[in-house]
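In: Need coordinates for the following:
(2 chains)
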Amino acid sequence: MKKLLAIAFAALMLISFVSCGGGGGGEITLPPEDDTTASGATGDGFSFAGGTSVSVAPHDNLAAFIAAAGKAVSYEESNSCAYLGLDKIWVYSGYTIYSYPKDGVDYLLQLVFTDDSVKTDEGISIGMTADEVKTAYGNDYASIGEAMVYTKGVTSLKFGIKDGKVTQVIYSAN
Amino acid sequence: MDKTVKKKTFTRIAAAAAFLSLLVLLLFLAQAVLVPKYMSFPYDGALVREYYDSVPEHDVVFFGDCEFYEAINPAVIYSEYGIPTYVRGSSQQLIWDSYYFLLETLEYEKPKVVVFNAVEMKIGSVQREEYTRLTLDGMRLSKYKLAAAKLSLTEDENIMSYVFPILRYHGRWSSLTSEDFRYAFKRDTVGYNGYMFMSGIKAKTSTALPPPLISPDLPDICWEYLELMRKTCEDNGIEFVIFKAPTDTWHYPWYDEWDAQLVDYSEKHGVKYLNAIALADEIGTDWSTDSYDGGDHLNYIGAEKISVFLGKVLKEAYGLEDRRGDADFAAASEWKNVVGRYLSAKAEAEKTQNKD
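Out: Residues are numbered from 1 along each chain as shown, chains lettered A, B, ... in the order given. Model prediction:
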């Protein structure tokens, strides 16, 4: 009987160590997040420096960029569904940043130009022409209506176009 | 075979059977303790399980995410109109979850009307595993649960962890609380036939704009499952309604482009689509008092208004009857209890607000 109990105990221990995927955890009431959706810095997305010394791309950890960008004109935060972190919005002069949370870290969801005072790292700003966008980013884009949408890794960069001019610039996490 | 050999063989078989039984029992007990109970606020993960305790005699069943289970209150609809309803809602319920919840619901009952949450049309892929767990942990094991889980599996997840949750939650052993033992085998009822009571008041004041759309198109998979839901209802003689709650913020926006696509769909297929954003004045929604989080979700005050409005629309459109005087209505005592609990919670919330 002792032998059987030992085997049963061993089986329980085995289950305790079996890989279950994801964040492997158990310190939380809710299950830990998986590692496959939001992933943090990608290194190969469309990046934006906005005159700071730090570039940020969609899905990147925002901490360094937010610190470098200085005080926002306005800031708001709101609980994610079921309180799984805070979604945040920072409004800066010239652009607005939307974030999503993961493991207590804020990642870039979208960065949206709000006027012509800022440029992409490749030099495009609101008011420039669609041809200038093509010169800077090439012809490998998808057309959605009049908009030009470039994709790189898990990021996209959308240029809204009206009458041949850029009216909208959006960096986005796919 | 002599008696000694027979005896030894029997002893071995008996020992093996005893061992297996013991192992299964230990695993069962361990699993009961280790799985999350969702018995502390927020209760979102506890709502799905409670459906199975309800008498399956609902004239209307709602399928949706937090927008629904915080905006539609069956206790209010029953009090006002005598219509038995249930909200099968869960955090960030995805459209295929709703579809499989619908199929599962039909195994228990056949409602007259099914109302689907329009906001689910915007998400075509799993955002976070937590939401899948919050949605499916409470669902009974069935082919529907497995089908929903299969569609929501993230890269490192294993479908077996939805059959044997201990495979996912074994790591919780080091963070167990008294709640895990207290509720291992029995849970409290925290919802009101699927409604989650939220008492706080936080006015909507933000003027921030929502993130712009990259593409106005709603995901293909959402259209696919919307059509499956509509056809399932059609095949079963159930009215299918699409409803958008009045919430619309920078955080949870509802774009005109999405609205237009659902208007087109509803006209093409002859189903009712109600967008309560545009009806907020008619409903009486007051954003200074009706939300607990600045407009993202409704509190009980806002939910009462939506429920009164929606109940009236459904009653008039589909001729739903007042079941309170129906001698054959098996769930009468359940509803008395649900309404009573809700009124108590409401009185308590109002008492707290008056103190403040």
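In: need the strands for the stretch 1-150 of chain B, in chain order.
Out: Here the stretch 1-150 of chain B has its strands, by DSSP state E, counting those that start in this stretch, at B:60-64, B:85-89, B:113-117.
In: Now render the ones you listed as a markdown table, adding mean pLDDT, distance to chain A and mean neighbour count.
Out: Glycine gets a C-beta too; all of them are placed from N, C-alpha and C. Below are the strands of the stretch 1-150 of chain B laid out as a markdown table (pLDDT from 0 to 100; distance: least, CB to the nearest CB, whole Å; neighbours: other CB atoms under 10 Å in any protein chain shown):
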| stretch | mean pLDDT | distance to chain A | mean neighbour count |
| --- | --- | --- | --- |
| strand B:60-64 | 98 | 12 | 28 |
| strand B:85-89 | 98 | 11 | 28 |
| strand B:113-117 | 98 | 13 | 25 |
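In: closest to residue B:354 out of those?
Out: Among these, the nearest to residue B:354 by CB to CB is strand B:85-89 (28.4 Å).
In: and the closest one, which strands flank it?
Out: Strands that pair with strand B:85-89, judged by DSSP bridges, come out as strand B:60-64 (parallel).
In: what's next to the strand it pairs with, contact-wise?
Out: Identification of contacts with strand B:60-64 by CB atoms under 8 Å, 6 or more residues apart in numbering or on different chains yields B:68, B:72, B:77, B:83-89, B:93, B:98, B:101-102, B:105, B:109, B:111-117, B:119-120, B:194, B:229, B:243, B:314, B:320.
In: go on, stretch B:204-211?
Out: By CB under 8 Å, 6+ apart, stretch B:204-211 touches A:74, A:76, A:89, A:91, A:96, A:98, A:109-110, A:112, A:170, A:172, B:249-251, B:253, B:255, B:287-288, B:291, B:294-295.
In: Between the two ends of it, what distance do you get?
Out: The first residue of stretch B:204-211 is 18 Å away from its last residue (CA to CA, to the nearest Å).
In: what's the answer for stretch B:122-139, then?
Out: 23 Å.
In: near chain A at all, it?
Out: Yes - Stretch B:122-139 is in contact with chain A by CB under 8 Å from any CB of the partner chain, via B:126, B:127, B:128, B:129, B:130, B:131, B:133, B:134.
In: and the fourth one, how many neighbours?
Out: Residues within reach of residue B:129, counting by other CB atoms under 10 Å in any protein chain shown, total 26.
In: now do the second one
Out: Applying the criterion other CB under 10 Å, we find 18 residues in the vicinity of residue B:127.
In: Chain neighbours aside, what residue packs nearest to residue B:253?
Out: Using CB to CB, 6 or more residues apart in numbering or on different chains and skipping the chain neighbours, the partner closest in space to residue B:253 is residue B:210 (3.4 Å).
In: could I get stretch B:31-44 in PDB with only the CA atoms?
Out: Provided in PDB are the C-alpha atoms of stretch B:31-44 (Å, rounded to 0.1, in the frame of the first residue of the first chain):
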ATOM      1  CA  GLN B  31      -8.400  20.200  -9.200                       C
ATOM      2  CA  ALA B  32     -11.400  21.300  -7.100                       C
ATOM      3  CA  VAL B  33      -9.100  23.300  -4.900                       C
ATOM      4  CA  LEU B  34      -6.700  24.600  -7.600                       C
ATOM      5  CA  VAL B  35      -9.100  26.100 -10.100                       C
ATOM      6  CA  PRO B  36     -10.000  29.800  -9.700                       C
ATOM      7  CA  LYS B  37     -13.400  30.300  -8.000                       C
ATOM      8  CA  TYR B  38     -14.100  34.000  -9.000                       C
ATOM      9  CA  MET B  39     -15.900  34.400  -5.700                       C
ATOM     10  CA  SER B  40     -14.200  37.700  -4.900                       C
ATOM     11  CA  PHE B  41     -14.800  40.900  -6.800                       C
ATOM     12  CA  PRO B  42     -14.700  41.100  -9.800                       C
ATOM     13  CA  TYR B  43     -17.100  38.200 -10.200                       C
ATOM     14  CA  ASP B  44     -17.000  38.100 -14.000                       C
END
